[in-house]
Structures are given as structure tokens and as C-alpha cells.
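S.K.: need coordinates for the below:
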Amino acid sequence: MKQFKQLALALAAMLSLSAQADINVGVTLSATGPAASLGIPEKNTVALMPTTIAGQKVNYIVLDDASDTTTAVANTRKFITENKVDIVIGSTVTPNSLAMIDAVAESGTPMISMAASARIVEPMDAKKRWVFKTPQNDIMMALAIVTHMVDNGIKTAGFIGFADAYGEGWWGEFNKIAATKHLNIVASERYNRTDTSVTGQVLKLVAAKPDAILIAGSGTPAALPQKALKERGYTGKIYQTHGVANNDFLRVGGKDVEGTLLPSGPVLVASQLPADHPVRKSAMDYIARYEAANGKGSVSTFGGHAWDAGQLLAAAAPEALKKGGQPGTPAFRAALRDALESVKNVAGAHGVFNMSAQDHLGLDQRARVMVQIEKGAWKLIK
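M.R.: The predicted structure follows:
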């Protein structure tokens with residue numbers, strides 16, 4: 001009987017150790033609310049992420065933050081205190097991601113954001129050393145827009161963006177680069193993601209008569225100013241950010257977004273890339289996987305940001321495991337952070353990632369292209 005009890009205890013200990021060996025990933029994303037058109041493809045992509053890495057089972061705990069900052073923080077704290085996650089992926093939008101930083105830094109839990117603003121990882125400090133991200137920085141995309149404007153004879157520009165961290169981040173980069181390129185910004189306006197009218201702002205923009213207007217929004221709410229500009233007879237060029245690169249924007253914008261110019265990750269037009277483009281193969285692989293699960297033509301760039309977060313985890317986790325720390329422990333979380341910071345030449349849906357202590361994005365100019373909306377579809381500008 002005594003031997004039986006000892007055997008039972010040993011078996012229980014082994015089962016407990018096995019459970020602790022699972023890598024637990026907390027994912028908070030905006031599957032509902034104003035950013036739902038971004039968050040839904042991210043949620044769909046989580047289902048495609050690896051369930052085993054280096055022989056370790058990977059569990060994904062997915063929560064919807066409803067595009068709300070407070071909920072995103074609550075989800076993050078739940079992951080850390082209740083689910084004992086090894087890493088947090090999220091959130092979909094910049095304000096949520098910025099708000100989550102304190103929670104992950106306090107607990108020593110690495111985080112990979114799927115939001116765009118450079119302020120999520122810059123400037124590097126004691127808190128942001130725990131944070132990484134997959135979308136291209138605003139400055140990279142703003143440079144592409146301003147360069148395209150200047151190269152096409154545009155002398156004056158207007159700006160309208162979200163009245164939050166995303167819009168302000170874009171305004172800062174766009175304004176800075178425009179000055180260096182001698183592009184004159186003649187009007188600057190803001191609006192909220194949940195607004196149903198931007199008539200006042202659009203009237204001011206039209207009155208300034210800019211050659212082109214940049215709309216710094218994301219998802220379907222970015223279509224609102226463009227539709228209003230068309231209603232008011234604006235005939236200049238309209239640029240959007242990479243925050244609109246999904247089919248829901250095309251659906252909501254309809255004919256009013258025809259001709260729109262924007263920078264994007266290569267995944268948006270992967271099939272149009274040259275055969276030797278360094279991202280074509282990895283982007284096409286993601287598209288094939290996503291469309292096999294969700295239908296032809298269903299892929300979006302935002303799902304690609306989630307996919308790239310999974311690729312980074314798949315590259316870093318084996319290195320962290322070699323350090324000897326068991327998943328579920330502070331040692332493993334610290335080792336995983338260090339491994340993410342050391343990632344080199346990881347090809348994703350959007351680019352090739354090379355992280356460093358000062359660069360927690362790790363993308364270069366291979367991660368952007370310029371596209372135009374033509375006949376309701378995305379066309380690569382060569």
C-alpha cells in the first residue's frame with residue numbers, strides 16, 4: 001500500500017511538471033468595437049499558430065478587449081495573475097497596447113504588440129525592454145507617403161487623424177518628414193474613432209485647398225473622412241495609412257476610396273511581388289494557410305501582424321527553453337524576452353525581423369510597398 005501511495009505521488013508530480021511545461025500565451029485583441037475589422041483577422045490567425053514548439057505544448061488564451069483600453073489592461077492582468085502566461089500578444093490598437101505596458105513590465109512578462117505606433121517600443125527604457133511589436137513603424141510608412149507625394153509634384157498637404165495616440169503618432173512623423181522634404185502642410189484636423197460625422201473638419205480641409213490629404217486612421221472608421229471629402233467635391237489625391245489595409249475598408253468605402261494611395265506590408269499584394277522579393281515566399285505561405293481556413297480573398301494585413309507575432313514566438317521559445325527555465329516561471333519569461341531581442345532573419349508575412357536591444361521591431365525597408373486602390377482591389381505601385 002505504501003509503495004502504491006509513493007507511486008501515485010510520483011505520478012502526480014510528473015503530471016504537475018508536465019502541466020507546468022506548457023507554454024501559455026495570453027492574446028488580447030479587438031474582435032468587437034471600432035477596431036473589429038482589424039481584430040477579427042488577428043483572432044482567426046491565432047487558430048493557425050503553432051500548438052507545439054520545440055516539443056512543448058502551446059496554449060493560447062484569447063480574450064476580446066472590445067477596442068477598449070480599460071478592458072485590454074484588465075485582460076492583461078488576468079493573463080498574468082490567473083493564467084500565469086509566459087507571454088502576452090496584443091493588443092490590436094495603439095492606445096490599448098500603450099496602456100498594457102505597465103502590467104507586463106511590472107510582472108516581467110514579454111509582450112508582442114500588433115499595433116503600429118513606434119511609441120509602443122520607443123524610446124527604449126526599463127519598461128519597454130519587455131515589449132516588442134510586429135507592425136511597421138509610423139516613420140517608415142510616413143516616409144513612403146511623403147516621398148511619393150513629393151515625387152508626384154504635390155506641394156501642399158492636409159492632414160486628418162484619430163484624436164488618440166495613433167493619430168498623434170502619425171501627425172508627429174508626417175509633420176517632421178514633410179518639413180525635411182519641403183512639403184507644406186496647410187491644415188491639420190482630428191476626429192474620434194466613434195464619430196459619425198466629420199463635416200466641420202472636412203470643410204476646413206477643403207477650404208485650405210491642399211494638393212493632397214493624408215487620413216491617419218485605421219480600420220473602417222478611416223473611411224468616414226474620405227467619404228465626406230468626396231461629398232464635398234474634393235478632387236486632390238487622398239492617402240491613407242497602412243491601418244486601412246483590409247477588405248472591410250474597401251467594402252465600407254466603396255467607390256469613394258477608389259484611387260486611394262497608401263503604404264502597406266508586402267503581404268497585401270504578395271502575388272504581385274517580384275519572384276525574388278525576400279518576403280514573397282513567407283507572405284504567400286501565410287495567405288495560403290489563412291485562406292484555406294477562412295476562404296479565398298479573406299486575408300488581411302492585420303492577420304499578418306498576428307502571424308508574425310507567432311513566428312517570433314516560434315523562433316524565440318526554443319532558445320529560451322535551452323536556458324533551462326521551465327515555462328510558467330520568471331526565469332523562462334526573462335529568457336524568452338532575451339531570445340526575442342536576439343531574433344535574426346525571421347521571415348514573416350510583412351518582412352524580415354532582426355531584433356536588437358535598441359530595436360524591438362526589427363523591420364527594414366523590405367517591409368513596405370506602395371499600393372493604390374484600383375477597381376476595388378489593391379494594386380502594387382512598381
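S.K.: what is the burial count for the spatially closest residue to residue 300 that is not a sequence neighbour?
M.R.: Among residues not flanking residue 300 along the chain, residue 246 sits closest, at 3.6 Å (CB to CB, 6 or more residues apart in numbering). For the C-beta atoms, the positions are set from N, CA and C on the backbone; glycine is no exception. Neighbours of residue 246 under the rule other CB atoms under 10 Å: 23.
S.K.: if I look at residue 246, how far off is residue 259?
M.R.: Applying CB to CB, to the nearest Å, the value for residue 246 to residue 259 is 18 Å.
S.K.: and what of residue 167?
M.R.: 23 Å.
S.K.: so for the two, which residue has more residues nearby?
M.R.: Using other CB under 10 Å, the more surrounded residue of residue 167 and residue 259 is residue 167, with 26 against 11.
S.K.: OK, contacts around the more buried one?
M.R.: Applying CB atoms under 8 Å, 6 or more residues apart in numbering, we find residue 167 in contact with 161, 190, 216-217.
S.K.: repeat for residue 237
M.R.: Residue 237 neighbours (CB under 8 Å, 6+ apart): 149, 152, 154, 211-213, 259, 261.
S.K.: beta partners of it?
M.R.: Counting by DSSP bridges, residue 237 forms beta bridges with residue 212.
S.K.: just the buried ones from the contacts of residue 237, in ChimeraX syntax?
M.R.: Applied in ChimeraX, the following selects the buried portion of those according to 16 or more other CB atoms under 10 Å:
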select :149,154,211,212,213,261
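S.K.: how about the contacts of residue 237 in TSV, adding distance to residue 55 and pLDDT?
M.R.: Output for the contacts of residue 237, formatted as TSV (distance: CB to CB, whole Å; pLDDT from 0 to 100):
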residue	distance to residue 55	pLDDT
149	51	98
152	53	97
154	55	98
211	58	98
212	53	98
213	53	98
259	51	98
261	47	98
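S.K.: and which of the contacts of residue 237 is nearest residue 126?
M.R.: Closest approach between the contacts of residue 237 and residue 126, by CB to CB: residue 149, at 38.3 Å.
S.K.: what about the strands in the stretch 1-150 of the chain?
M.R.: Remark: strands assigned in the stretch 1-150 of the chain by DSSP state E, counting those that start in this stretch are 23-29, 52-53, 56-64, 87-90, 111-113, 131-133.
S.K.: redo the ones you listed as TSV? Include distance to residue 367, mean neighbour count and mean pLDDT.
M.R.: As requested, the strands of the stretch 1-150 of the chain are exported to TSV (distance: least, CB to CB, whole Å; neighbours: other CB atoms under 10 Å; pLDDT from 0 to 100):
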stretch	distance to residue 367	mean neighbour count	mean pLDDT
strand 23-29	21	26	98
strand 52-53	24	15	96
strand 56-64	25	17	98
strand 87-90	19	29	98
strand 111-113	16	29	98
strand 131-133	12	27	98
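S.K.: okay, those in JSON lines with distance to residue 139 next?
M.R.: Shown next, in JSON lines, are the strands of the stretch 1-150 of the chain (distance: least, CB to CB, whole Å):
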{"stretch": "strand 23-29", "distance to residue 139": "25"}
{"stretch": "strand 52-53", "distance to residue 139": "32"}
{"stretch": "strand 56-64", "distance to residue 139": "30"}
{"stretch": "strand 87-90", "distance to residue 139": "23"}
{"stretch": "strand 111-113", "distance to residue 139": "16"}
{"stretch": "strand 131-133", "distance to residue 139": "13"}
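S.K.: among the ones you listed, which comes closest to residue 179?
M.R.: strand 131-133 (26.2 Å).
S.K.: show me where pLDDT drops low in the stretch 151-300 of the chain?
M.R.: The stretch 151-300 of the chain contains no residues with pLDDT under 70.
S.K.: which stretches in it count as helices?
M.R.: Ranges of helices in the stretch 151-300 of the chain, per DSSP state H, counting those that start in this stretch, are 165-180, 199-208, 223-231, 247-253, 280-294.
S.K.: turn these into JSON lines, including distance to residue 111.
M.R.: JSON lines is the format used below for these (distance: least, CB to CB, whole Å):
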{"stretch": "helix 165-180", "distance to residue 111": "16"}
{"stretch": "helix 199-208", "distance to residue 111": "34"}
{"stretch": "helix 223-231", "distance to residue 111": "30"}
{"stretch": "helix 247-253", "distance to residue 111": "26"}
{"stretch": "helix 280-294", "distance to residue 111": "22"}
